Each structure stands twice: as structure tokens, then as C-alpha cells.
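Enquirer: got a structure for you, letters missing:
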């Protein structure tokens, strides 16, 4: 009971911290000067972010059939703002989901293949570590040179960033499986394929799920990075458009949106992990931060 | 129910290369036979080859020289014909209890429902019928051992190899597992080879005790104590004599009366 009481107390204290941060932001918004260029406050207060800044997002809407297009002389509309945010969010989400799944699957499968062969492990281990030394964002221009500033380029880039982690994570996880499980399975007549499917795969799942938690943040950085530097659409690109005219409110708005998306993706995976890993002893399946 | 099988070990040697470059003879030319349905315990000090002999019979550790034949067939790798219970907990934590017991049966080619019904029968024999849908983490160490026992018995392997299976359990839990194991053994007539470092455990379980020393068989002792065995058996002249023989082989006197200069404090 004491532990629960302490937990609730910690929760309340963190909530207070968040409220204090929000209040500080708001006060800073009132105290800071307004940029002369666009009439944007340097630190935009919340009523500005969810008011004029949000409405201003309709500037990025370009299909007249669904809402007026400000760049063609139409007026700014809430409908246009939400359509623009929705459209670019959908593009970014498509890139991150496809890239993530592609990278996770390819990385894990390659990792499994390499992990089961000592020769392959010796061949790939060092180059892999070297590859991981390269800061991910530094490789964006090269990827865009190879694949163009396209959807595909962003997807491949996310897949690469995520895949390298899964590749290494899988090799590590397979090496960590206690050999007794595999020996036991053999004495019970399991074929190589069955050992793969019924022993090795479930045994590495906990580590794969911690890779998910690790790579979610990475994937978000990768997709936003790809949109910053090249791909001319998506929610990351919206920040660059806003920055071009010092639209601080819009930058803050998109950042808040990203925070919500990333938070939702973490929450979703935590739920899935808790379900899939329900066999794990105590805390690991419950809510232990992975 | 299937019955036991005979085992023949001829000239079995097993040499390991140590990291230091030295070689170690874990088994040095072992010759031994086991009759169908025998319950044999291998006792000896750690590092003298008990587990290596067991693993060689299982097909998990390849021999450098010699041959192991089980039921006339040469052992070349692990097989469903030779069930193994390990000292460490090997019950798969990611499978429910019922799926653990059914694992070997599925490998045998039984359908999911066939395997489940056989597995359920065996869970009943080890008194875990109510836990078939539990996760192993929800069971105690002793209960997980019963799952492992049910799993190897369920496959109908005529030979069961046990490598200090109860080593990590408390005394009372061990006693109840001795009862369970001897009961299942009597009912099914499997051949069981059981590694232990505990002389009392060997006296409770075995028909025959092999003393393993320096990678070879130092003694081969018959245990004709009546079953079921009880407290009186522990004090019987035969039990005392066997204990004395084994402790002599283990070098009890030397171990207890080492000169003070040899003891590093």
C-alpha cells in the first residue's frame, strides 16, 4: 500500500512539474517581444498556437475542391487548416509506419540468419558496428541523392535507420538465449525449423520489443529529418515552411502534434508488448519501462 | 505404454580442449551396459564425468572415441527416443503448461488436439491438471519440474536421462518428486539414468548405482533395498554399506582430514 501511495504521489508531483512548465511557457509568451517581421511572438502563448497559428496552417492547403486555397487568394479557413494538417500527417505516418515495419522485418530476418551461423557472425559483426557509428542524420543527403526526394526515399531511410538496430539487436538476442532451451527442444525431437519458430523467435521477442521502444524515437527523428532536408511534404516539412517566415506559432503547433503522435505510438506498442509478452515474469509484462 | 530399452556404451572417450590449450579427458574409455527398465543413478564428485556420460548417451555431447547404442541403434544426436530432464529450469516460459507438455508430442507428428489430450492425461498424472492453461511463471520450482517430467514421459521415450533434476529444490519438495518419479517409473517401465551428487537420493531411487571417478566407472553397485523405500531403509545394513563404499570412492577421508597446510584461508 505504501508503494502505491508513493506512486500516486510521484504521479501528482510530475503533473505539477508539467503544469509549471506550461505556465512558464505561457508567461514567457506574454513577456517576450513579438517578431517585427510576421507579427509572430518569439515564444508563442497557447491561445496564439491554437488560434491564429492553427488557422494559418490552411496556407498549406492546395486543393480548391475541398477548401479555399489562400495561396490562390482564398481566405484562411479552419477546414483548410485541419485538411492541411491531416494530409501532411497522413503522409508522414505512412512513411514512418512503412519504413518501420520494413526495417524491423528485414533487420530481424537478416539478424536471425546471421545469428545462427558463427561464420556469418564473424563476417558481419564488425562492419555492423562501424555502420552504427555513423550518425543517422548525416546520411540523409546521400540517401536522397540515391533515391530522390521522394516518399520512397524517406521510407527507405527510416527502414535503414530502424533495420540496423534490429539486425544488431536480433544477433545479440539470439546469442543470449540460454543453450539449454535449444538442447531441451532437440531432445524432444524438434526440427531446426521448429526450434526457430517455437524457441528462438519467442525467446528473442522481449529483446525485440525493447528494440521497438528504442527505434520508435529513432524512426520519428529519421522521418522528420528526411522531410527537413529534402522530401517536400509531410509534417516535418511544415516546420521548415513555418520557419521560413518565422512562424513560431506554427512551428510550436506542429511540434505539439508530433509529441502527440510519438506518445500515441509509444502507448500503442506498450499495450501490444504487454499483451504479447504476458508470459514474462512479473514486472516485464506489466508496465516496466522498456 | 512403452517399456524401457537397453543401452550399451563401448570405449566411450570424450576429450575437451580447455581454453588454456590443455586437454581434459571427461570420459576415458567407459564400458557399461544398462538393462531395459533399470533405474540407475550415476554418482561422483563434480567434474568427474557424470554429466558428460549422460549427455553422450543423450547425443548432446559427441564422443571423441567409442560408441553408444540405445536399443541396438547407434546414438548420433539427440532424439525423441531419449528424453532429458536438466538441472536448470528448461520449461519454456513462453508456452503455457499444456503446450510445454505437448511440445514433444507435436514433434512426434500428433495433431494439436491429439497432443493436447495426451498432454492433459500426463498433467493429471503429475497432479497439475488444474494448471494446464497457466504460464510457467505462475508455478513453483517443484511444479515446473513436474511439468518437465510430464513432458518427457508423454513422448513415450523408452529412455529417460536426468541430470541432477532436483538439485535446486528444497528437501520436502524433492521427497514428493521422488515419490512421483518412482511411481511413474514403475507404471511405465522406462529405463532411467539419473545423475546426482547426493548418495541418499541415489539410495532412495536406484536399482543400481554407478560411481563415476576420473572419467571412468569406479564401482557398480546393486541396490536391492525393498520398495517403496522409507526411513528404516536409510538405516539398513545394506544402505549403510553402500554409503560407506561410495564415500570411500569419493575420498571422504582425504577431503575431511586434509593437512592444515593445504587449506587456503
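Expert: Good, I have the coordinates. Just so you know, these numbers come straight off a predicted model, no measurement behind them.

Enquirer: Centre-most residue in chain A?
Expert: By Cα atoms, centre = their mean, chain A has its centre lying nearest to residue A:220, at 3.0 Å.

Enquirer: Which of the helices or strands spans that one?
Expert: If you go by DSSP states H and E, residue A:220 is part of helix A:201-229.

Enquirer: ditto for residue B:227
Expert: Assigned by DSSP H and E, residue B:227 belongs to neither a helix nor a strand.

Enquirer: thinking again about what came up before, after the helix holding residue A:220, which helix or strand is next? Please name it.
Expert: That would be, after helix A:201-229 and using DSSP H and E, helix A:235-244.

Enquirer: tell me the angle that next one makes with helix A:201-229.
Expert: 30 degrees (axes from the mean of the first three to the mean of the last three Cα atoms, to 10 degrees).

Enquirer: picking that back up, please look at the residue nearest to the centre of chain A and residue A:93 and confirm they touch.
Expert: No. The pair residue A:220 and residue A:93 does not pass the contact test of Cβ atoms under 8 Å, sitting 10.6 Å apart. Placement of C-beta: from N, CA and C, glycine included.

Enquirer: sorry, back to before: what helices or strands is the helix holding residue A:220 leaning on?
Expert: helix A:78-115, helix A:140-147, helix A:151-175, helix A:235-244, helix A:248-276 (3 or more Cβ pairs under 8 Å, 6 or more residues apart in numbering or on different chains; DSSP states H and E).

Enquirer: hmm, back to that, shared neighbours of residue A:220 and residue A:93, anything?
Expert: residue A:261 (Cβ atoms under 8 Å, 6 or more residues apart in numbering or on different chains).

Enquirer: secondary structure class for the residue positioned nearest the centre of chain B?
Expert: Centroid check for chain B by Cα atoms, centre = their mean gives residue B:162 as the closest residue, at 1.9 Å. Under the three-state scheme (DSSP: H, G, I helix; E, B strand; the rest coil), residue B:162 adopts strand.

Enquirer: show me what contacts it?
Expert: B:54, B:84-85, B:192-195.

Enquirer: now swap in residue A:242 and tell me
Expert: A:248, A:250-251, A:254.

Enquirer: at 6 Å what do you get?
Expert: Residue A:242 makes contacts with A:250-251, as judged by Cβ atoms under 6 Å, 6 or more residues apart in numbering or on different chains.

Enquirer: and the gap between the nearest residue to residue A:60 once chain neighbours are set aside and chain B?
Expert: Spatial nearest neighbour of residue A:60, chain neighbours left out: residue A:84 (4.2 Å); criterion: Cβ to Cβ, 6 or more residues apart in numbering or on different chains. Distance, residue A:84 to chain B, using Cβ to the nearest Cβ, to the nearest Å: 46 Å.

Enquirer: Neighbours of residue A:84, how many?
Expert: Residue neighbour count, defined by other Cβ atoms under 10 Å in any protein chain shown, stands at 22 for residue A:84.

Enquirer: now residue B:79
Expert: Neighbours of residue B:79 using other Cβ under 10 Å come to 18.

Enquirer: Equivalent analysis for the one 4 residues further on, please.
Expert: Applying other Cβ under 10 Å, we find 29 residues neighbouring residue B:83.

Enquirer: what about it, helix or strand, and which?
Expert: With DSSP H and E as criterion, residue B:83 is part of strand B:82-85.

Enquirer: Now do that strand: distance to the chain's middle.
Expert: Averaged C-alpha coordinates place strand B:82-85 at 8 Å from its chain's average position (Cα atoms, centre = their mean, to the nearest Å).

Enquirer: Rounded mean pLDDT for the helix or strand just after it, please.
Expert: Heading C-terminal from strand B:82-85, the first helix or strand you meet, by DSSP H and E, is helix B:97-107. For helix B:97-107, mean pLDDT is 96.

Enquirer: And helix B:97-107, what does it pack against?
Expert: helix B:112-125, helix B:141-154 (3 or more Cβ pairs under 6 Å, 6 or more residues apart in numbering or on different chains; DSSP states H and E).

Enquirer: Throw the ones you listed into JSON lines and include mean neighbour count and distance to residue A:24, thanks.
Expert: Shown next, in JSON lines, are the helices and strands packed on helix B:97-107 (neighbours: other Cβ atoms under 10 Å in any protein chain shown; distance: least, Cβ to Cβ, whole Å):
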{"stretch": "helix B:112-125", "mean neighbour count": "17", "distance to residue A:24": "60"}
{"stretch": "helix B:141-154", "mean neighbour count": "23", "distance to residue A:24": "54"}
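
Enquirer: closest to residue A:263 out of those helices?
Expert: Nearest of the helices and strands packed on helix B:97-107 to residue A:263, taken as Cβ to Cβ: helix B:141-154 at 39.0 Å.

Enquirer: Give me the helices and strands touching the closest one, please.
Expert: strand B:82-85, helix B:97-107, helix B:112-125.

Enquirer: For residue 67, what is the enclosing helix or strand?
Expert: In the absence of a named chain, chain A is used. Per DSSP H and E, there is no helix or strand for residue A:67.

Enquirer: wrong chain, I was asking about chain B
Expert: Going by DSSP H and E, residue B:67 is in strand B:65-70.

Enquirer: Tell me which strands the helix or strand just after that strand pairs with, and in which orientation.
Expert: The helix or strand immediately downstream of strand B:65-70 is strand B:73-74, counting by DSSP H and E. For strand B:73-74, the pairing partners within the sheet under DSSP bridges are strand B:65-70 (antiparallel).

Enquirer: any idea of the mean pLDDT in the strand it pairs with?
Expert: On average, strand B:65-70 scores 94.

Enquirer: just stretch B:177-191 next, same as before
Expert: pLDDT averaged over stretch B:177-191 gives 94.

Enquirer: For that stretch, give me every contacting residue.
Expert: Contacts of stretch B:177-191 (Cβ under 6 Å, 6+ apart): B:1, B:3-5, B:34, B:36-39, B:153, B:158-160, B:166, B:192, B:204.

Enquirer: Can you get me a residue count around the closest residue to residue A:224 other than its chain neighbours?
Expert: In this structure, residue A:224 finds its nearest non-sequential neighbour in residue A:236, 3.7 Å apart by Cβ to Cβ, 6+ apart. Neighbour count for residue A:236, taken as other Cβ under 10 Å: 24.

Enquirer: Show me how far the lowest-mean-pLDDT helix or strand in chain B is from its chain's centre.
Expert: When the helices and strands of chain B are scored by mean pLDDT, DSSP states H and E, helix B:252-256 comes last with a mean of 79. For helix B:252-256, the separation from the chain centroid amounts to 27 Å (computed by Cα atoms, centre = their mean).
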